[in-house]
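K.L.:
Okay, predicted coordinates and the sequence, questions at the end:
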Protein chains: 2
Amino acid sequence: MNITDYMQQTGRLARAASRAMAKADTATRNRALLLIADAIVRDAALLRAANQLDLDAAKAAGLDPAMIDRLTLSDAAITTMVEGLRQIVSLPDPVGEISNMKVRPSGIQVGQMRVPLGVIGIIYEARPNVTVDAAGLCIKSGNATILRGGSEAINCNRALAKIVAEGLAGAGLPAHGVQIVDTTDRAAVGAMITMPEYVDVIVPRGGKGLIARLMAEATVPMIKHLDGICHVYIDARADLAKAVPVAFNAKCHRYGTCNTMETLLVERSIAPAVLPRLAELYATKQVELRADPEAFALLAGYPHLVEAVEEDWKTEYLAPILAVKVVGGIDEAMDHIAAYSSKHTESIITEDYSAAMRFLREVDSASVMVNASTRFADGFEYGLGAEIGISNDKLHARGPVGLEGLTSLKYVVFGHGEVRN
Amino acid sequence: MNITDYMQQTGRLARAASRAMAKADTATRNRALLLIADAIVRDAALLRAANQLDLDAAKAAGLDPAMIDRLTLSDAAITTMVEGLRQIVSLPDPVGEISNMKVRPSGIQVGQMRVPLGVIGIIYEARPNVTVDAAGLCIKSGNATILRGGSEAINCNRALAKIVAEGLAGAGLPAHGVQIVDTTDRAAVGAMITMPEYVDVIVPRGGKGLIARLMAEATVPMIKHLDGICHVYIDARADLAKAVPVAFNAKCHRYGTCNTMETLLVERSIAPAVLPRLAELYATKQVELRADPEAFALLAGYPHLVEAVEEDWKTEYLAPILAVKVVGGIDEAMDHIAAYSSKHTESIITEDYSAAMRFLREVDSASVMVNASTRFADGFEYGLGAEIGISNDKLHARGPVGLEGLTSLKYVVFGHGEVRN
């Protein structure tokens, strides 16, 4: 079978399974999740053996240590996976909830029912834990799923897929409710993102290169973000006892995450007080500061100081590097953000009520914060219970996406024989 | 200036205006709507004169009477437009509302704020009233707008655009908050649907040909529906006193609308009772019935009876034609709907509680009804107060779309200096 035919077949099976997944009650979907969790514990040795095949091949192919690390299914990783599934069981079921019910003058009652999207496609790197996390969230939200993990994890993913299929079947759900793409051929991705008749939404998880390629080629809608160029703006009336730890945390808590601050904006009158204090902290982490002329002058003597160029305002460093700019006030800060932000997360540090309210209302990003670290932009920190990804788009799901982002609302009408006049 | 440059310039102006539109308070946006309404009343003679130029050209070009009718800006149409604007003023403002606010263990407070989408592009036929309706909804929801009406209405749309721009400026809003595409060149549409940097969403209103073309070419997301192949299923335990009037209304109230029933499914045991009674009513309207073999036998003698072929189950007639099929029960009915429905609106007629609940939960359409005519699938009937369009897609807005569909939710975080550990 060629790849296109194989993917079409996978899509047909997923679409057929999606109806049974959608109508299954909460207890059935939770039972499947618990069966999968138990089977992972039972088959841990088998899973580690399958993973070892992947690791041997990866080492032979000379993969870098970070990729090997993500590919490794350690005992701790298995425990985390199993705990994750049990947490998903404990989350409230989003499916079937009816809201906004009202009686209309015609006599009909109208409301909205939360329902699964149908078929979710997940495209991700060689991280076996994502296979289980993503399958769990899609099962809980009543969707069928097609999982396309990085080819380096194919042996481990096959073993996990077998466990998931058995868990589904054990609970009376279709074994094809979760399928992995069982080929390492890259053409499978191209087929998967261009079959809207079988896939309702794609969630891509991976580097910017992957996302950019999918954006150019996909005809299936995506829940995605391309990058996170996040800003912290320290306002004239900032409390330095908040500004300094927040700006340090937003940059240095983790460098490689999309909600890490990449540009710091500081109001002119407070800059001489705040920048030297921050520099002391950044110096302890050898953070390189790329400063505009005003900030550069205030940071004179900092050991890792570079003059910023235009490209710096557009760059997601994902590294101990920070662009720094002095601005005249909140309007100039918001103009800079409107011009350069990737619309992921921005935070203002201020004690000025009106400035805080303006920033919240006017900044057009998925998360807008007052006096908090951008690092909080996260499904768990926001209390969603789980996170399938983060969206920078404005339609459907925006910001951290949990179970609700894997559902849709349809209108339901309770009538009594009404006809329209 | 070539068309691409012109549209890019239009997009840049819209994007710039969108920030001022989004931050304007409710009173300012309502003031603009009232100024526009007053100016339409004041300049009615000018508008009719501009419309007359369009009508003269349309008649000279031999446009069909239905198009001429939609193009005509009568006194009554002007009154309706003005009343529509004043109704939009009276609708609650969706913008700025914060919901789901909760305190997290970290100390941050997280909620979601409803905000404008940014720039809305509307593509529609030569109907000057849509120019004002769409502008009104976009102004109310805090969006900037680019309106591309059918070229036959260009003179009238220019006159309306001038009034709208003056109304915006009079309220202190940017005159470019609403722009019409001031060219009849069709390339403008192609440019508009492929500039996601300037347009956040396209709402196409028009025939299936237009929508299909846009779906193939657009890189900007759309709020749209391609067609409405709506079903009514009369269950074994239907109350005939409801089934007959609903099935008659769903087909015959209006033929050309997307929520009109195109296929009637009838359960086998009730078919001999219901089909002849319905046939009596359909006969009064000369409705052609395209029947499967079982229904054909039960309808023997009906004056406009045709044997259904496979294509009939896939056809949106928009005419006094109805496909009719006898099924074995709710499962066969839902299988047929899953196979052939355009996922717009389906209704079950039944007194059986469990059948009603299964149909509501399992049918995957934008509107699912019990004992009501499909003709109720409409923004006004659902109480949305207004309707910009109807969506058959599952993401973002589904079913009739009012002001809320022109907005998005962003996360807002109120912090007190919290950092992530």
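P.N.:
Perfect, I can see it now.
K.L.:
contacts, neighbours, all on C-alpha from now
P.N.:
Noted.
K.L.:
Can you show me the helices along the stretch 201-350 of chain A?
P.N.:
Taking DSSP state H, counting those that start in this stretch as the test, the helices found in the stretch 201-350 of chain A are A:208-217, A:240-252, A:271-284, A:293-298, A:330-340.
K.L.:
A:Met192 and A:Met7 touch, don't they?
P.N.:
Yes. Between A:Met192 and A:Met7 there is a contact under Cα atoms under 8 Å: 6.6 Å.
K.L.:
now the helices of the stretch 201-350 of chain A as JSON lines including distance to chain B and mean neighbour count?
P.N.:
Below are the helices of the stretch 201-350 of chain A laid out as JSON lines (distance: least, Cα to the nearest Cα, whole Å; neighbours: other Cα atoms under 10 Å in any protein chain shown):
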{"stretch": "helix A:208-217", "distance to chain B": "9", "mean neighbour count": "14"}
{"stretch": "helix A:240-252", "distance to chain B": "5", "mean neighbour count": "22"}
{"stretch": "helix A:271-284", "distance to chain B": "15", "mean neighbour count": "16"}
{"stretch": "helix A:293-298", "distance to chain B": "23", "mean neighbour count": "17"}
{"stretch": "helix A:330-340", "distance to chain B": "9", "mean neighbour count": "18"}
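K.L.:
Looking at those, which is nearest to B:Asp69?
P.N.:
Comparison of the helices of the stretch 201-350 of chain A against B:Asp69 by Cα to Cα identifies helix A:208-217 as nearest, at 41.6 Å.
K.L.:
what about that closest one, average pLDDT?
P.N.:
Averaged over helix A:208-217, pLDDT sits at 88.
K.L.:
out of A:Met192 and A:Met7, which sits in the more crowded spot?
P.N.:
Using other Cα atoms under 10 Å in any protein chain shown, the more surrounded residue of A:Met192 and A:Met7 is A:Met192, with 27 against 24.
K.L.:
distance of the more buried one from chain B?
P.N.:
Distance, A:Met192 to chain B, using Cα to the nearest Cα, to the nearest Å: 17 Å.
K.L.:
Report the contact partners of that residue.
P.N.:
By Cα atoms under 8 Å, 6 or more residues apart in numbering or on different chains, the contact list for A:Met192 reads A:7, A:121, A:199.
K.L.:
how about the top helix by length along chain A, does it reach chain B?
P.N.:
Secondary structure of chain A per DSSP state H: the longest helix is helix A:3-23. Yes. For helix A:3-23, a contact with chain B is found by Cα under 8 Å from any Cα of the partner chain, at A:19, A:22-23.
K.L.:
from the chain's centre, how far out does the next helix or strand after that helix sit?
P.N.:
Helices and strands here follow DSSP states H and E; after helix A:3-23, the next one along the chain is helix A:26-42. Taking Cα atoms, centre = their mean, to the nearest Å, the mean C-alpha location of helix A:26-42 is offset from the chain mean by 24 Å.
K.L.:
Helix A:26-42 and the next helix or strand after helix A:26-42, what's the angle between them?
P.N.:
Using DSSP H and E, the helix or strand that follows helix A:26-42 towards the C-terminus is helix A:44-60. Interaxial angle, helix A:44-60 versus helix A:26-42 (axes from the mean of the first three to the mean of the last three Cα atoms, to 10 degrees): 70 degrees.
K.L.:
domain ranges for chain A?
P.N.:
Here the domain parsing of chain A from automatic domain parsing is A:3-223+A:400-414, A:230-381.
K.L.:
and whichever strand or helix holds A:Val413, C-alpha only, in PDB?
P.N.:
Element membership for A:Val413, per DSSP H and E: strand A:407-418. Taking Å, rounded to 0.1, in the frame of the first residue of the first chain, the C-alpha atoms of strand A:407-418 are listed here in PDB:
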ATOM      1  CA  THR A 407     -14.200  20.000  22.000                       C
ATOM      2  CA  SER A 408     -16.700  22.200  20.100                       C
ATOM      3  CA  LEU A 409     -20.200  23.600  20.900                       C
ATOM      4  CA  LYS A 410     -23.200  22.700  18.800                       C
ATOM      5  CA  TYR A 411     -26.700  24.200  19.200                       C
ATOM      6  CA  VAL A 412     -29.400  21.900  20.600                       C
ATOM      7  CA  VAL A 413     -33.000  22.800  20.300                       C
ATOM      8  CA  PHE A 414     -35.800  21.300  22.400                       C
ATOM      9  CA  GLY A 415     -39.100  21.800  20.600                       C
ATOM     10  CA  HIS A 416     -42.700  20.800  21.000                       C
ATOM     11  CA  GLY A 417     -43.800  20.800  17.400                       C
ATOM     12  CA  GLU A 418     -42.900  24.400  16.700                       C
END
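K.L.:
Mind checking if it is in reach of chain B?
P.N.:
Yes. Legend: contact between strand A:407-418 and chain B by Cα under 8 Å from any Cα is shown at A:408-418.
K.L.:
Just the pLDDT at the closest residue to chain B within the stretch 301-421 of chain A, thanks.
P.N.:
Nearest to chain B in the stretch 301-421 of chain A, going by Cα to the nearest Cα, is A:His396, at a distance of 3.6 Å. For A:His396, the pLDDT comes out at 93.
K.L.:
A:Val89 - nearest residue in space that isn't next to it in sequence?
P.N.:
Distances taken as Cα to Cα, 6 or more residues apart in numbering or on different chains put A:Asn30 closest to A:Val89, at 5.4 Å, once the chain neighbours are dropped.
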